[in-house]
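>>> Give me coordinates for this.
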Amino acid sequence: MLRTLFEEILLPILFFLLVRSVLGSLFSRARNRNRSAGPPPGAPSVQSGGDLKRDPVCGTYVSTAVSLSKTVKGQVWHFCSPECRDQFKG
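Model (predicted):
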């Protein structure tokens, strides 16, 4: 009777808990590795801050901290790329 209880109930429960623990450990390591990975190598750094200004050529909103600016007739214009800056006819 005791042997049957052990073989049919306790042993499967212990096996289930062992497998669950091992799988949980493996998946938590993979999750932690992905969180601490950071940006991929060679990815451009993005600065935060600055007001958002609308690029007059393409309409994209760009932060003044990272935008390319051009002063035309005393007014400062902000651009998202050199192409937009060069196309601007102010």
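>>> Now do the contacts for residue 51.
Residues in contact with residue 51 (CB atoms under 8 Å, 6 or more residues apart in numbering) are 63, 64. (C-beta placed from N, C-alpha, C; glycine too.)
>>> what about it, distance to residue 86?
The gap separating residue 51 from residue 86 is 23 Å, by CB to CB, to the nearest Å.
>>> ditto for residue 80
With CB to CB as the criterion, residue 80 and residue 86 are 12 Å apart.
>>> More neighbours: which of the two?
Neighbours were counted for residue 80 and for residue 86 using other CB atoms under 10 Å; residue 80 has more, 20 against 11.
>>> Contacts only, for that one.
Contacts of residue 80 (CB under 8 Å, 6+ apart): 55, 58, 60, 62, 67, 68.
>>> which residues touch the closest residue to the last one other than its chain neighbours?
This means residue 68. Leaving aside its chain neighbours, residue 68 sits nearest to residue 79 (4.6 Å; criterion: CB to CB, 6 or more residues apart in numbering). Residues near residue 79 by CB under 8 Å, 6+ apart: 55, 56, 57, 62, 67, 68, 69, 70, 85, 88.
>>> any chance you could map the helices in this protein?
2-5, 11-35, 82-87 (DSSP state H).
>>> Reformat those as CSV; add mean pLDDT.
Output for these, formatted as CSV (pLDDT from 0 to 100):
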stretch, mean pLDDT
helix 2-5, 80
helix 11-35, 82
helix 82-87, 92
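>>> Need the winner for burial among the ones you listed.
Most buried of the helices of the chain by mean neighbour count (mean count of other CB atoms under 10 Å) is helix 82-87; its value is a mean of 14.
>>> Would you map out the domains in this protein?
1-36, 52-87 (automatic domain parsing).
>>> burial count for residue 50?
Neighbour tally, residue 50, other CB under 10 Å: 13.
>>> just checking, it touches residue 64?
Yes. Counting by CB atoms under 8 Å, residue 50 does reach residue 64; the two are 4.0 Å apart.
>>> CA-only coordinates of stretch 77-90 in CSV, if you can.
What follows is stretch 77-90, C-alpha atoms only, in CSV (Å, rounded to 0.1, in the frame of the first residue of the first chain):
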residue,chain,number,x,y,z
TRP,A,77,14.5,75.4,-39.2
HIS,A,78,15.1,71.8,-37.9
PHE,A,79,15.5,68.8,-40.2
CYS,A,80,15.6,65.0,-39.6
SER,A,81,18.3,64.3,-42.3
PRO,A,82,20.8,66.0,-44.5
GLU,A,83,18.6,65.2,-47.5
CYS,A,84,15.7,67.1,-46.1
ARG,A,85,17.9,70.0,-45.1
ASP,A,86,19.3,70.2,-48.7
GLN,A,87,15.9,70.0,-50.3
PHE,A,88,14.5,72.9,-48.2
LYS,A,89,13.9,76.1,-50.1
GLY,A,90,13.2,78.6,-47.4
